[in-house]
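K.L.:
The amino acid sequence is not available; the structure is as follows:
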């Protein structure tokens, strides 16, 4: 941890998630952090004046320059990268000239990390922490090898394309328009029953290619055998010259791709998003195209608000104003109108709203005095930080707003700690403006002021290194007189240097408190502490660090007292050996006026690899001092998106809260001895060209460890103590067909809860339609299956629902039907519609009313196993043409560009400048969609559920299927935007 000058500014009277912003069409506040293990090489970030005429190295500055231009084109002139700040390790020499500026003391998300290869993906670029559609990731990981290797583009295609692909994950929360490569079925193809063959999972049908085994041109795959699974080695391999313009979230390595897929009514065929393919984007983004998600992002919502502000405030009376939008065609939304009164302004603002794309407390004086203290001491203010603690409103000038500018100009970082839940918003604004941290201390014993203050101090490093301490444990206990308090903590081999145990008690200083620590080798350390004492733990023969293992401490006092115990330690060697824990919330507030629920995320990593099977718990601290204990899981169920990715998740249910205000959380992470390992199974990384060997995950056991962290705070507003249940069941995301025969089908999925993933739903609503768009847009009008005899299982259990019967309509066996399901709770709250699965009509829909066969099919006897009963009913049954589609669809009822600048930072910073000049102010729009709904009524011939018992799982050979979306109209052309120039 770097040496910093702090001033505590205390008055007796949220953390920064990201400082990346879109201002006037340009992204500002993008930080590139070079990891401490990267060897010094300024060629990573600055242009080389190479003497070699054949050098093809694309350095960071080149990549971002080209990516900025591509981003401007891909967003239809709405956004580019204006400036970048590069933070280099403090161990590097300051060999570059430039301005000295302050770096932010914490970066929680949306930054770029240049570091050694990851055990997850090797040198492959990827974005960590993409957990929800539309929400930003934590960081983009690039390696020095990628930036310096001359043949990098042979593996990833144009690196600017790769960068924009990862930017889609990082900034806008987009998912890949292909399938997770860890899927159990072939991730490159799906089964299309309309044409009776496997088709590649592509956003664009215009990509030319072949199905080959590991892209060996002499080993083609047979994509016509749809009755069996396609081998995992079969890949879609683009061949020949490509002209397709989309999609950057798909095969971004193709040079002709410069746009995102769209789904507007006027979208040209070559740009149109295929909503039915089982891609990660469709599965996780409710069937939306990538461009739809981008347009709905706050970046472009804020742009719309800025335009409305111009109309409302800056356009003077008697001025004239018109609004013109353009996409593939130009449209006049409002002709020139004279601004005579507020009515004229409101008419124009309504048009913009329709666009979807688009005692006294003198804190200010205290801040000035702290600044004066730095200056009068002859110390640089640019290496100084203020920690401000306050509990009251501002009542004396100058106010915070009056002095913030001076603090920014001086380069002082201000951390603000609110010591009550009612502290003012301007404290958070001040911290954000100066690059500091904002936290709240609510005065509860469980999350103490030391916890909060420690979090501020430790977070003053953007990227932890070997000089950054870890909090191993934080315990609290109330004890009676002469009552012994015993606890344990683990020091793993990654830590051990300068390990300290601090004890804080409420006992008077005259009352002795006995502390005994037993080392892993049995050696005892004894000490007497007063109200506060710190004991350095050093066990074993190593004089520099303590031994790894389990430690036991015992505290006792002759008087009643409360204990707070803290254990911290520094890494003893490489930071790659250290288990790091980071936590955050999906949002900064819980609004009882909305149906939304926030999630808590805890990321556990060792070096660059996720830690699996750890025990992760959270303690929510409420305003009355009570607490709620939470368990977080990494099982891919409920709140958790991916199984075994090291990201542990839980919902924060509204019944946890008791009032408005700010809430704290304490996170505890520990290993389960013998079961904690680290490896990789999922994530959002850049696509590689077919045939390029993908990085293989590494697995190994992790030594017993413990960690304690405090995430950013969040705020509850519009609290309502009503007992009315407004939380629906969670969406079902893994609906599949486990197996089927000519007159029966077995659906399988994970049961949701009554409230999201808690409890037990009341019933399931399963509907089917020949039109996937009917299920998506008008689920209630689709044909309802009879589920009256089905009782949902508790959340997390596997449901298996068997159905037989017929569906009204044509006997054409080539028809494709779609099925969706949602859960309903006891108060009638309906969950989101599940992923949509598709099935062929075939003999399944020509069943008579006689259900003898189906009963024999599902009712297992003593003499036959479930699996045998499933496949050996009769010899003449025709196998139903049914597939388990991984289509996963969830329902949810422009400006002047200026110079692009890249700074290089060393603790404080040295700068180098690059420039990009582009122009234009554009408005954009999204046409109101009008979809034709196909209504299918159930007229006495609905499918009927039947009892089902099963002793063992049945593996099906069925695969995915889908149909193609209809084509649209003309597309968007690439604009001419100049490249950034060098220094």
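P.N.:
Looks like it came in fine. Predicted model only: the values in this text are computed from it and were never measured.

K.L.:
now residue 204: how far from residue 400?
P.N.:
Applying CB to CB, to the nearest Å, the value for residue 204 to residue 400 is 51 Å. From N, CA and C alone the C-beta is placed, and that goes for glycine too.

K.L.:
same question, residue 86
P.N.:
Counting by CB to CB - residue 86 and residue 400 are separated by 30 Å.

K.L.:
more neighbours, the two?
P.N.:
More crowded of residue 86 and residue 400, by other CB atoms under 10 Å: residue 86, with 29 against 22.

K.L.:
C-terminal to the one helix or strand the more buried one maps to, what's the next element?
P.N.:
Element membership of residue 86 [criterion: DSSP states H and E] is strand 83-88. The C-terminal neighbour of strand 83-88 among helices and strands, as given by DSSP H and E, is strand 111-114.

K.L.:
residues making contact with that next one?
P.N.:
The set of residues external to strand 111-114 that reach it, using CB atoms under 8 Å, 6 or more residues apart in numbering, is 18, 20, 30-35, 38, 44, 60, 139-144, 147, 170, 462-463.

K.L.:
Which of the residues you listed fall within strands?
P.N.:
Judged by DSSP state E, the contacts of strand 111-114 include 30-34, 139-142 as members of strands.

K.L.:
Look up how far residue 834 lies from the closest residue to residue 31 other than its chain neighbours.
P.N.:
Nearest residue to residue 31 in three dimensions, chain neighbours excluded: residue 111, at 4.5 Å (CB to CB, 6 or more residues apart in numbering). Distance, residue 111 to residue 834, using CB to CB: 35 Å.

K.L.:
now swap in residue 425 and tell me
P.N.:
Taken as CB to CB, the span from residue 425 to residue 834 is 40 Å.

K.L.:
With neighbour numbers in mind, choose between these two.
P.N.:
residue 834 (26 against 11).

K.L.:
Point out where the stretch 151-300 of the chain drops to low pLDDT.
P.N.:
Across the stretch 151-300 of the chain, the ranges flagged by pLDDT under 70 are 181-184, 265-266.

K.L.:
domain ranges for this structure?
P.N.:
17-49+56-176+899-912, 195-284, 298-353, 736-889+939-946 (automatic domain parsing).

K.L.:
Sketch out the low-pLDDT regions of the stretch 801-950 of the chain for me.
P.N.:
Within the stretch 801-950 of the chain, the ranges that satisfy pLDDT under 70 run 805-814, 840-950.

K.L.:
if we go to 80?
P.N.:
803-815, 839-950 (pLDDT under 80).

K.L.:
likewise the stretch 1-150 of the chain?
P.N.:
For the stretch 1-150 of the chain (pLDDT under 80), the answer is 1-19, 23-25, 42-59, 77-78, 90, 93-109, 120, 150.

K.L.:
what about 50?
P.N.:
1-17, 47-57, 98-101 (pLDDT under 50).

K.L.:
could you pull out the helices for the stretch 651-800 of the chain?
P.N.:
772-777 (DSSP state H, counting those that start in this stretch).

K.L.:
Sketch out the low-pLDDT regions of it for me.
P.N.:
Checking the stretch 651-800 of the chain against pLDDT under 50 turns up 680-682.

K.L.:
give me that answer again for 70
P.N.:
The model of the stretch 651-800 of the chain has pLDDT under 70 over residues 674-675, 678-685, 691-698, 741-743.

K.L.:
Just confirm residue 364 is within a helix.
P.N.:
Yes: counting by DSSP: H, G, I helix; E, B strand; the rest coil, residue 364 is found in a helix.

K.L.:
Next, count neighbours for it.
P.N.:
21.

K.L.:
Identify the residues contacting it.
P.N.:
Counting by CB under 8 Å, 6+ apart, residue 364 touches 394, 396-400, 402-403.

K.L.:
do the same with residue 37
P.N.:
Residue 37 neighbours (CB under 8 Å, 6+ apart): 115-116, 574-576.

K.L.:
which of the residues you listed lies closest to residue 467?
P.N.:
Closest approach between those and residue 467, by CB to CB: residue 575, at 9.4 Å.

K.L.:
on that earlier part again, just flag the most distant two among the contacts of residue 364.
P.N.:
The widest separation within the contacts of residue 364 (CB to CB) is 12.3 Å, between 396 and 403.

K.L.:
higher neighbour count, those two?
P.N.:
residue 403 (20 against 13).

K.L.:
and the host helix or strand of that one, average pLDDT?
P.N.:
Following DSSP H and E, the helix or strand that holds residue 403 is helix 400-410. For helix 400-410, the mean pLDDT works out to 91.

K.L.:
The helix or strand following it to helix 400-410, inter-axis angle?
P.N.:
Counting by DSSP H and E, the next helix or strand C-terminal to helix 400-410 is strand 413-418. Angle, strand 413-418 to helix 400-410, by axes from the mean of the first three to the mean of the last three CA atoms, to 10 degrees: 150 degrees.

K.L.:
Low-confidence ranges, the stretch 351-500 of the chain, go.
P.N.:
353-361, 377, 379, 383, 389, 391-393, 419-424, 441-466.

K.L.:
all strands for it, in order.
P.N.:
Counting by DSSP state E, counting those that start in this stretch, the stretch 351-500 of the chain has strands at residues 384-390, 413-418, 438-440, 470-479, 485-491, 495-505.

K.L.:
sorry, back to before: would you list the contacts of residue 364 in JSON lines and tack on distance to residue 730?
P.N.:
Formatted as JSON lines, these follow (distance: CB to CB, whole Å):
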{"residue": "394", "distance to residue 730": "43"}
{"residue": "396", "distance to residue 730": "50"}
{"residue": "397", "distance to residue 730": "51"}
{"residue": "398", "distance to residue 730": "50"}
{"residue": "399", "distance to residue 730": "45"}
{"residue": "400", "distance to residue 730": "42"}
{"residue": "402", "distance to residue 730": "48"}
{"residue": "403", "distance to residue 730": "47"}
